[in-house]
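>>> one predicted model, sequence on top.
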Amino acid sequence: MKALVALILLVQLPIHKAAPAAPPTPLGCDDPESEAAAEVAVSYINGHSHHGYKFALNRIENIRVLPQGLNNDIIFLELDLLETTCHILSPTPLANCTVRSFTDHAVEGDCDIKLQKVDGQLSVLASKCHSHADSSEDVLQFCPDCPLLASLNNTEVLATVAAALQDHNSKTADTYLRLLEIGRARIQYHPVHVVSVEFAVAATNCSAAKAKADVETCQLLPDDQSNFGFCTATMVTKPLQDLKVDCQLYGHQPGVTYSQPGQDTAAGMTPSVVQGFPNHNLRLSHNNPFASESSSSEFPSMLSAKSVAKRAAAAVAQHDKVPHPVGFVPPPPPCPGKVRHFKI
């Protein structure tokens, strides 16, 4: 009987449930954790790009962290990038690559990246990017005399690249170079007519003398011997013709390859990549829709970056209406983050 009474009393005792865990504090775009994720993302983008130049981080637009379990998070990043002067084949570390100036007709990249963080280790699951040159109107408004980017298949551009490569190969007895791709081109029309080009090259198995005798037998070196390089050239056509060329080979880089799908070796370009465009688009290398939070079937109801930014701005505006002590500095909105170079 005593045992029954004790059991009844035990059942009637209030049950104390564990308090639900507080939701994690949203990361700000300039927090160290956000910048660490952005660094991994940018490294992935550059490491998996097939054409054009390396990009540097300009701004973290948005970050969303979605917990998946113990020490397991999914992270969605939205990044603004800027093109640097380093070709993707260049061994120069990104930290030593110069971001193209605004007057150099800058190219911007917009990227969505999906990462996973497990036990503190970050890895990229998907990436989606698009890159585009700054508008001609913006450049000319700021710098009326700055030459603009020309289409990579412009006839003057193609002629300048061909002349530059022929000039270099005719003046060296060493390795015969072959064109991989044209990276950039600008045309200045006054006071003199100047075509400036940049293009990637690769060493062949021919010397210049052998190539002169039978260029058709010259082939790019195999991957285990590959030697890529980069050339710049300027061709003045008016009032007097003048050509200046500078080519540098990087030396063999183990593991570094160049993608040449359907390349027209006569023109040295991939038509689908450059046809009518002034820059190589990151979309060709990064086009996974699951990189975007709004496109992910796993999280269809998540807020877009714009709505998050608007909400943060509204919160700051409301915060400013509250009386504060003299000298109080309101906290910055969590996103977007700071601009590291300049905003296009």
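Thanks, I have it.
>>> just give the nearest non-adjacent residue to residue 120, would you?
Of all residues not flanking residue 120 in the chain, residue 71 sits nearest, at 7.4 Å (CB to CB, 6 or more residues apart in numbering). Every C-beta, even on glycine, is put in place using the N, C-alpha and C of the backbone.
>>> what's near enough to touch the one you found?
118, 119, 120 (CB atoms under 8 Å, 6 or more residues apart in numbering).
>>> and it, what are its phi and psi?
Reported as degrees, to the nearest 10, the phi and psi values for residue 71 are phi 50, psi 40.
>>> what's the answer for residue 248, then?
phi -130, psi 130.
>>> what's the closest of the contacts of residue 71 to residue 93?
Closest approach between these and residue 93, by CB to CB: residue 120, at 23.8 Å.
>>> against residue 68, how distant is that closest one?
14 Å (CB to CB, to the nearest Å).
>>> so the two - more neighbours on which side?
With neighbours defined as other CB atoms under 10 Å, residue 120 and residue 68 compare such that residue 68 has more, 13 against 7.
>>> right, and that one touches residue 74 too?
Yes: the criterion here is CB atoms under 8 Å, and residue 68 meets it with residue 74 at 5.7 Å.
>>> list residues touching both of those two?
By CB under 8 Å, 6+ apart, the residues touching both residue 68 and residue 74 are residue 116.
>>> report how many residues lie close to residue 336.
Neighbours of residue 336 (other CB under 10 Å): 20.
>>> also residue 140?
Count around residue 140 with other CB under 10 Å applied: 13.
>>> could you do residue 50 as well?
18.
>>> got it, and residue 33?
15.
>>> confirm it sits in a helix?
Yes: counting by DSSP: H, G, I helix; E, B strand; the rest coil, residue 33 falls inside a helix.
>>> report pLDDT for it.
We note a pLDDT of 96 for residue 33 in this prediction.
>>> got a list of what the closest residue to it other than its chain neighbours touches?
Excluding its sequence neighbours, the residue lying closest to residue 33 (CB to CB, 6+ apart) is residue 27, at 5.7 Å. Shown in contact with residue 27 (CB under 8 Å, 6+ apart): 33, 34, 63, 65, 334.
>>> try it again with 7 Å
For residue 27, the contacting residues are 33, 34, 63, 65, by CB atoms under 7 Å, 6 or more residues apart in numbering.
>>> ok but residue 43 is inside a helix, no?
Yes: looking at residue 43 with three-state DSSP, it is inside a helix.
>>> what's the neighbour count on the nearest residue to it once chain neighbours are set aside?
Take residue 43 and drop its neighbours on the chain: the residue closest to it by CB to CB, 6+ apart is residue 94, 7.5 Å away. Residue 94 is flanked by 16 other residues according to other CB under 10 Å.
>>> kindly report the same for the one 4 residues further on.
Applying other CB under 10 Å, we find 11 residues neighbouring residue 98.
>>> cool, residue 238 as well?
11.
>>> correct me, but it touches residue 191?
No: Residue 238 sits out of contact with residue 191 when judged by CB atoms under 7 Å, with a separation of 9.6 Å.
>>> and the helices in this structure?
2-12, 32-47, 136-142, 155-170, 208-213, 271-274, 305-320 (DSSP state H).
>>> least confident of those, on average?
Taking the mean pLDDT of those, helix 305-320 comes last: a mean of 46.
>>> now the chain, which segments are flagged as low pLDDT?
Applying pLDDT under 70 to the chain flags the ranges 1-25, 261-275, 295-332.
>>> OK, contacts around the spatially most central residue of the chain?
By CA atoms, centre = their mean, the chain has its centre lying nearest to residue 55, at 3.9 Å. Listed by CB under 7 Å, 6+ apart, the contact partners of residue 55 are 42, 45, 46, 81, 82, 83, 84, 109.
>>> let's see 10 Å
By CB atoms under 10 Å, 6 or more residues apart in numbering, residue 55 lies in contact with 42, 45-46, 49, 79-84, 86, 88, 94, 97, 99, 107-109, 111, 129, 131, 282.
>>> what about it, distance to residue 342?
For residue 55, the distance to residue 342 - CB to CB - is 14 Å.
>>> next: residue 56.
Taken as CB to CB, the span from residue 56 to residue 342 is 12 Å.
>>> of these two, who's got more company?
Set side by side, residue 56 and residue 342 show more neighbours around residue 56, with 21 against 13, by other CB under 10 Å.
>>> quick one, strands of the stretch 51-200 of the chain?
53-69, 72-87, 107-118, 121-133, 148-149, 175-188, 193-207 (DSSP state E, counting those that start in this stretch).
>>> next, count neighbours for residue 125.
Residue 125, neighbours per other CB under 10 Å, totals 15.
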